[in-house]
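Colleague: A structural model of the following input is requested.
(chains A, B, C and D)
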2 protein chains.
Amino acid sequence: MSRPCPQHQHPHRLIQQPLSDLTDKLRRGELKITAPRQAILDVLRKHSSPLTIKEIHTSLGKLDCDLATIYRNMHTLERMGLVRRYDFGDGAARFELSPEEGDGHHHHLVCTRCARIVELDDCFLNEFQDQLARRHGFTQISHRMEFFGICPNCQAP
Amino acid sequence: MSRPCPQHQHPHRLIQQPLSDLTDKLRRGELKITAPRQAILDVLRKHSSPLTIKEIHTSLGKLDCDLATIYRNMHTLERMGLVRRYDFGDGAARFELSPEEGDGHHHHLVCTRCARIVELDDCFLNEFQDQLARRHGFTQISHRMEFFGICPNCQAP
DNA sequence: CGGAAGATTGCAAACCGCTTGCATCTTCAA
DNA sequence: TTGAAGATGCAAGCGGTTTGCAATCTTCCG
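Modeller: Have a look, this model is predicted:
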């Protein structure tokens, strides 16, 4: 069922291609960029929406590798800054390159009928978030925010 | 392992005790308030934080009932206004009485080390949310927002 | 160069949250 | 009284995720 993973030929070959601007962090860490990892990052970079493991696996195409490998690598990449999201309501984790902080931080508007996702480009919560941290004595503060509704296509005529 | 459910004695007895202010909706609907449902609502009313199914099941104590019954009732109660949340990062759904809209709408600040949850009492997103709906043509819009950080107790000295 | 130690992967089994099919029981209405 | 509708317990099943293990590859050190 699963075709041979290219990993079999060159398992730990260090790949020196530049990563996306969002993944400089990854380079700074001591992470070996193996073929499956490179392929996973390529898929994530190609899509603007957060992807499930299954979607990533499907998108790998010829670079197909074992599901367990993807799951394990998502944990590894998460430690390096990848964002894991559970907020889409179906119980499956979704991943995206954009870090919670800094440039590229954004939120989504999700249609609850057809699952269409609209990217929102500005986040206005930084100041409020900082106030919150001071008020409650929290550090390393971050947030998640998603909007839900019914998109124009899905509204009954 | 599971002790006999009290349901066995009085399965569909209508219980007429007043529900919490948040659950007037439930009364208006045509929902039979059975013993397991009453017990579940009691547990939710006793806790200020959103609870997982497992936590609810544990809290039921002597009113213990089958897990499948809780799962089924959560769907039923959800249709009546109960709020299901997936935004706590472990993939398990959590439930709370407060509805998404109207009075009682609020968000949380979660400690990522000890899971302590701080309730935040004001939500300032309604106006922004309405703008968003107009701009993208969405209807029935709602949102989820959670903050994460490390609480004072968990910060290294 | 050779070989040990560590990292990564594929495979299969297990785990966990959740759902569903079925028999049983209660309620409610005819 | 009788039958339909709804709720529950039980057990099996499903999908997403994790884990144990052996094999393979890289790195490092003698």
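
Colleague: what's next to stretch A:121-139, contact-wise?
Modeller: Contact with stretch A:121-139 is made by A:105-107, A:141-143, A:145, B:109, B:111, B:118, B:120, B:124, B:128, B:147, B:149-152, B:155, as judged by Cβ atoms under 8 Å, 6 or more residues apart in numbering or on different chains. C-beta: built from backbone N, CA, C; applies to glycine.

Colleague: which ones among the residues you listed are found in helices?
Modeller: If you go by DSSP state H, the contacts of stretch A:121-139 have residue B:128 in helices.

Colleague: If any of the contacts of stretch A:121-139 are buried, give me the ChimeraX selection for them.
Modeller: Selecting the buried subset of the contacts of stretch A:121-139 in ChimeraX, with 16 or more other Cβ atoms under 10 Å in any protein chain shown as the burial test, is done by:
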select /A:105,107,141,142,143,145 /B:109,111,118,120,147,149,150,151
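
Colleague: from the contacts of stretch A:121-139, which ones fall inside strands?
Modeller: Taking DSSP state E, the ones among the contacts of stretch A:121-139 that sit in strands are A:107, A:141-143, A:145, B:109, B:111, B:118, B:120, B:147, B:149-150.

Colleague: domain assignment for chain A?
Modeller: Annotated domains of chain A cover A:1-99, A:105-152 [automatic domain parsing].

Colleague: any idea which helix or strand of chain A has the worst average confidence?
Modeller: Least confident helix or strand, chain A: helix A:24-28 with a mean of 43, by mean pLDDT, DSSP states H and E.

Colleague: And the next helix or strand past that one?
Modeller: Going down the chain from helix A:24-28, the next helix or strand is helix A:35-46, by DSSP states H and E.

Colleague: got the CA coordinates for that following helix in CSV?
Modeller: C-alpha atoms of helix A:35-46 as CSV (Å, rounded to 0.1, in the frame of the first residue of the first chain):
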residue,chain,number,x,y,z
ALA,A,35,14.3,14.0,3.4
PRO,A,36,11.0,13.5,5.1
ARG,A,37,11.4,16.6,7.1
GLN,A,38,12.3,18.6,4.1
ALA,A,39,9.3,17.2,2.2
ILE,A,40,6.9,18.0,5.1
LEU,A,41,8.2,21.6,5.3
ASP,A,42,7.8,22.0,1.5
VAL,A,43,4.2,20.9,1.8
LEU,A,44,3.5,23.3,4.6
ARG,A,45,5.2,26.1,2.7
LYS,A,46,3.0,25.5,-0.3
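
Colleague: Now that helix: buried residues?
Modeller: Using 16+ other Cβ under 10 Å as the test for burial, helix A:35-46 gives A:35-41, A:43-44.

Colleague: Would you mind pulling up the elements that it packs against?
Modeller: Judged by 3 or more Cβ pairs under 8 Å, 6 or more residues apart in numbering or on different chains; DSSP states H and E, helix A:35-46 is in contact with helix A:53-60, helix A:67-79.

Colleague: Tell me if the last one is near chain B.
Modeller: In other words, helix A:67-79. No. Against chain B, helix A:67-79 shows no contacts by Cβ under 8 Å from any Cβ of the partner chain, the least distance being 10.8 Å.

Colleague: Kindly calculate the angle that that helix makes with helix A:35-46.
Modeller: When axes from the mean of the first three to the mean of the last three Cα atoms, to 10 degrees is applied, the directions of helix A:67-79 and helix A:35-46 differ by 70 degrees.
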